[in-house]
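Sharing a model prediction with you, sequence too.
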Amino acid sequence: MKLQLTKDKTIEIKFPSGGAKSVSDITGVELSSPGEGECPAIRLVHRKKAWHVAASGFVKPPDGELPMRWEDTPHQPTWEFPRDFASPHAALAINSPMATFAQSTADAVIQDMTTGLAAQQDDRQPGGDKSSSDGKRRFGIKREQSTQPAPKPAAKQEPSARKPAFPSSGTPVSENGRRFVVRPMAEENFHLCASLPEFQTLWLSRLLPEGKRPTASSIQVAESALMASILLQPEFIAADGNALAIFARPDATYLAGYKKGEPVLWRRCPGVGGILAMRDAVRKTLGLDEELVDSVLNESLIDPRPALEPFVRPILSQLSLSLDYLSGRHGLKFDHAFLMGVDAGASHWSRYAEESLHLRLVSPNPFDGLALDKGVDAGDASRHLIALGAAIAGAEVSA
Amino acid sequence: MKASSFHLNLLRQNEVLSSSPVRLRIMLPVGATLACAGLLVWWGVLFTQIILAKTQAQGIEDDLTAKNSAHAEAIQKRDLARELKLQLEQLEYYKSGVRSIGEPLAKFAEVVPLRVQLKEMSITPPKPQVLMPPGLKIPLFGPTENVETQKLVIAGLTTKETPVVSLMESLENGFEKLVTSEHHINSFKQDNAEIDGRKLLSFEVEYTMPERRFAK
């Protein structure tokens, strides 16, 4: 609350804000999940020194689309959750084609902040989705290695001459119509940087109305939440936070490296689609109906190798590169890696990895390490990976 | 391992809304107003109580003043009554102390021998009494001593001793109210006066009068 004492003198009184610190009851929700009509949601409650999954399921999406233009933001819907998910806080993980999440150097972050408006306007072009705009997409190391300045926008789009200041860790800043937040990585000179158009952030921040449970205490991009989703895995904790993970999403596949529980690597596998592409390949190559894909991938009656291997090989190549990088740069040796988000055919992935990399891929249930309350179904857990990660990060869980 | 390293929260702290149905930004002014109103009421009650207490105190003070004056008046009257009583008592004392010597004096003429000429009969004035002792504001109404003794001095001329002795013997009986038996002959000597060529003798006898008692 700000009180203006005189014309020049204003004092600010800070009340307990209900922020993400010391949150013990939080609902993680994934919005605009590709291929999902409803929004995966999970409620985490810290009880008796353990985190419990109090509820898991899907909630009806808000009555309105995520705006893609400033002009759409006046159409602000409000969103209410079922009683099971009525925790005090909510962590929203958003899948937005205009969102960015990258491992960046400070210079690259400044560059992104400087050209934020131009990048946003490029994103607003028709068909400007995440996969099509190669130069503006910032996933993976490739982006950071490119030190050349971003293409200058047209003269009328020239951002201000002022150079944005590098934001302090964890503090969101707005520059050129986008909101940025950075966190340092265990990798020297590298930061995780997430950004979202300002109007989308504002739209999300007003989505859950005040005075009703829950209200948003955290807004994250989906990739950021994904990275946090394995932090409570027993195997991850047993390995002292040193891990390599493959996150398969419907539209993309990512590799993440962890060193003593800190992020050390994040990259998107270039030229590789996600689970939807894999299923499409299996379906087309083997001539199956969609309903049979899961059966083929989980059972051994039909060998899916001809369809699956061409999809998995490029991922394993990137995994090999990442292994070499983590070994050479950080001295991290792995005999296994996490494979998350693959609910069918994970055994085939592991077999191919063992054949080529002598690396075992483990696919734990995302809810491992969490106590399940009565009525919670762990069978559908992989679809809640991002919601879980959002809740874990939003609660700032310490393992 | 802390998930905070992975928490890239795009939401600003000032955008975080409270999920509590009780909204701080509404309840704070309402609470402050209620607190102010409560304080005002409390102050009002306190002020009223103070006013009432003051009024009561003033009433008690006035009553006390009135009672004080009445009390003082009563005390004054009581003192006056006591004083008057004392005066009456003193008067009673005086009444008791009245010396009735008229009858003995009338009788005295009968017992005076022919050869005696009385020149003087006087009663010595009583010893002056201190009616205003130190520290007393009002003089005493009566004598400080209850007993007063006076002398009756009888002086006269005679031709010889015998008539005087006769007179003194006569005074021993029937004149108890006037004199006691205690007497003293102050003088008995030749006088210059003559009668029939005969020198006269002057005498002066001092009798102690009965005690005058100021008592009931």
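Now that the structure is in, tell me what you want to look at.

What is the burial count for residue 92?
Answering for chain A, as no chain was given. The local packing of A:Leu92 (other C-beta atoms under 10 Å in any protein chain shown) involves 28 other residues. Heads up, the C-betas are built off the backbone N, CA and C, glycines and all.

actually it's chain B I care about, not the one you picked
14.

ok, then the element right after the helix or strand harbouring it?
Element membership of B:Glu92, judged by DSSP states H and E, is helix B:24-96. Sequence-wise, the next helix or strand downstream of helix B:24-96 (DSSP H and E) is helix B:102-111.

what mean pLDDT does that next one have?
In this model, helix B:102-111 carries a mean pLDDT of 90.

Tell me the first helix or strand C-terminal of it.
The first helix or strand that comes after helix B:102-111 along the chain, using DSSP H and E, is strand B:116-123.

Who are the contact partners of residue 203?
By default, I'm working from chain A. Residues near A:Trp203 by C-beta atoms under 8 Å, 6 or more residues apart in numbering or on different chains: A:Leu66, A:Pro67, A:Thr73, A:Gln76.

Wait, chain B was what I had in mind.
B:Ala155, B:Gly156, B:Leu157, B:Thr158, B:Val164, B:Ile185, B:Ser187, B:Phe188, B:Lys189.

next one: A:Arg43
Neighbour list for A:Arg43: A:Asp25, A:Ile26, A:Thr27, A:Gly28, A:Val53, A:Ala54, A:Ala55, A:Ser56, A:Asp84, A:Phe85, A:Ser87, A:Ala391 [criterion: C-beta under 8 Å, 6+ apart].

all strands of the stretch 1-150 of chain A, in order?
Taking DSSP state E, counting those that start in this stretch as the test, the strands found in the stretch 1-150 of chain A are A:2-4, A:10-12, A:25-31, A:39-47, A:50-59, A:89-94, A:100-105.

can you tell me which residues contact the residue of the stretch 51-200 of chain A found nearest chain B?
Across the stretch 51-200 of chain A, no residue is closer to chain B than A:Ala194, which sits at 4.1 Å (C-beta to the nearest C-beta). Counting by C-beta under 8 Å, 6+ apart, A:Ala194 touches A:Ala99, A:Thr100, A:Phe101, A:Phe180, A:Val181, A:Val182, A:Gln220, A:Val221, A:Glu223, A:Ser224, B:Leu8, B:Leu10.

measure the most centrally placed residue in chain B to chain A for me?
Centroid-nearest residue in chain B, with C-alpha atoms, centre = their mean: B:Glu83, separated by 6.8 Å. Distance of B:Glu83 to chain A, given as C-beta to the nearest C-beta, to the nearest Å: 79 Å.

returning to that earlier point: which ones among the contacts of A:Ala194 map onto helices?
A:Glu223, A:Ser224 (DSSP state H).

Just the buried subset of the contacts of A:Ala194, written out for ChimeraX, thanks.
In ChimeraX, this line selects whichever of the contacts of A:Ala194 come out buried by 16 or more other C-beta atoms under 10 Å in any protein chain shown:
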select /A:99,100,101,180,181,182,220,221,223,224 /B:8,10
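
Make JSON lines from the contacts of A:Ala194 and add pLDDT to it.
What follows is the contacts of A:Ala194, written out as JSON lines (pLDDT from 0 to 100):
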{"residue": "A:Ala99", "pLDDT": "94"}
{"residue": "A:Thr100", "pLDDT": "92"}
{"residue": "A:Phe101", "pLDDT": "94"}
{"residue": "A:Phe180", "pLDDT": "94"}
{"residue": "A:Val181", "pLDDT": "94"}
{"residue": "A:Val182", "pLDDT": "94"}
{"residue": "A:Gln220", "pLDDT": "96"}
{"residue": "A:Val221", "pLDDT": "95"}
{"residue": "A:Glu223", "pLDDT": "94"}
{"residue": "A:Ser224", "pLDDT": "94"}
{"residue": "B:Leu8", "pLDDT": "93"}
{"residue": "B:Leu10", "pLDDT": "94"}
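
Kind regards, and thank you for your time.
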